[in-house]
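Trainee: with the input below, show me the fold.
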Amino acid sequence: MWIAAFLLGCNGTDPSPDAPPPTDTDTGDDPVLLPIDTSKFIPRDTSEPDVIDVQPDDFLFLRHFGTWELSGGFMSGNLTIREYVNFIDTADTIDTAPLPWVCNVEYALTGERVDNATCPTCTDVFNIQHVVTNGASPASCREPDAPADGVVWQLGYDRDAERIFHNYYGTDVWVPWFTTTGNGNTIDFEWEATLAIEVEDTGDAG
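Mentor: Numbering: from 1, shown residues only. Just a heads-up that it's a prediction; the model follows:
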């Protein structure tokens, strides 16, 4: 509206000085613009607003590991999902130390071979049921793809690539899921990741 009044003045038509100012036609549903460029956003420590925090204080470590045993057109095995905060795992302590797990779930796996599967490189493809046998509910895990109790996933093994692939939620998009080791019919697999997180301050000085 202000632009229109300016253009009228440029064309020689002078609006009356006694005319009311233009009315704001904003309806309140215009998009809200973010105050920062999120593509270059650096988190700041809110306790010290002028200090840039480029090194998070807390981390979430995730580890999935297990074994497949292949026998003819069937497989059996196990899967363990563990998550823990601020502990860097080592081969000597990860499976023995009494850690404060935030997620610790064990599954039994059973599967039947799938013929004519869509995985282009898989040597073996199975429909595998995941049954929780020990530990907490998978809902306690921060990993969004932790298998629910009783769920059936289609997973494929590529011997050449030493990878297990997941037919991601039945979409025929085969996602690399685990790296594997082992020979013959015994296949060990694992996946690890580290995420920077923010731990809630409970106010407990102890």
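Trainee: strands along the protein, start to end?
Mentor: 58-71, 74-85, 103-113, 124-135, 152-158, 163-167, 174-181, 186-197 (DSSP state E).
Trainee: and the shortest one, what does it pack onto?
Mentor: To tie it back to what came earlier, the one meant is strand 163-167. Counting contacts by 3 or more Cβ pairs under 8 Å, 6 or more residues apart in numbering; DSSP states H and E, strand 163-167 packs against strand 152-158, strand 174-181. C-beta: built from backbone N, CA, C; applies to glycine.
Trainee: ok, which of these comes nearest residue 65?
Mentor: With Cβ to Cβ as the criterion, residue 65 lies closest to strand 174-181 of the helices and strands packed on strand 163-167, at 8.3 Å.
Trainee: what sits up against the closest one?
Mentor: 64, 118-120, 122, 155-157, 162-168, 187-191 (Cβ atoms under 8 Å, 6 or more residues apart in numbering).
Trainee: quick one: buried residues of it?
Mentor: The neighbour-count check on strand 174-181 (16 or more other Cβ atoms under 10 Å) flags 174, 177-178, 180 as buried.
Trainee: need the strands of the chain in CSV with mean pLDDT and distance to residue 141, can you?
Mentor: Output for those, formatted as CSV (pLDDT from 0 to 100; distance: least, Cβ to Cβ, whole Å):
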stretch, mean pLDDT, distance to residue 141
strand 58-71, 92, 8
strand 74-85, 94, 6
strand 103-113, 96, 4
strand 124-135, 96, 10
strand 152-158, 97, 15
strand 163-167, 97, 16
strand 174-181, 96, 16
strand 186-197, 90, 12
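Trainee: just put these in a markdown table and tack on distance to residue 143.
Mentor: A markdown table is the format used below for the strands of the chain (distance: least, Cβ to Cβ, whole Å):
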| stretch | distance to residue 143 |
| --- | --- |
| strand 58-71 | 6 |
| strand 74-85 | 7 |
| strand 103-113 | 7 |
| strand 124-135 | 13 |
| strand 152-158 | 14 |
| strand 163-167 | 13 |
| strand 174-181 | 12 |
| strand 186-197 | 8 |
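Trainee: before we move on, back to that, what subset of the contacts of strand 174-181 is buried?
Mentor: 64, 119, 122, 155-157, 163-167, 187, 189, 191.
Trainee: let me know the closest of the residues you listed to residue 146.
Mentor: residue 64 (8.6 Å).
Trainee: residue 148 versus that closest one, what's the distance?
Mentor: When distance is defined by Cβ to Cβ, to the nearest Å, residue 64 is 15 Å away from residue 148.
Trainee: residues in contact with residue 59?
Mentor: Applying Cβ under 8 Å, 6+ apart, we find residue 59 in contact with 85-86, 194-197.
Trainee: check residue 102 too.
Mentor: Listed by Cβ under 8 Å, 6+ apart, the contact set of residue 102 reads 60, 83-85, 140, 142.
Trainee: and with 7 Å instead?
Mentor: 83-85 (Cβ atoms under 7 Å, 6 or more residues apart in numbering).
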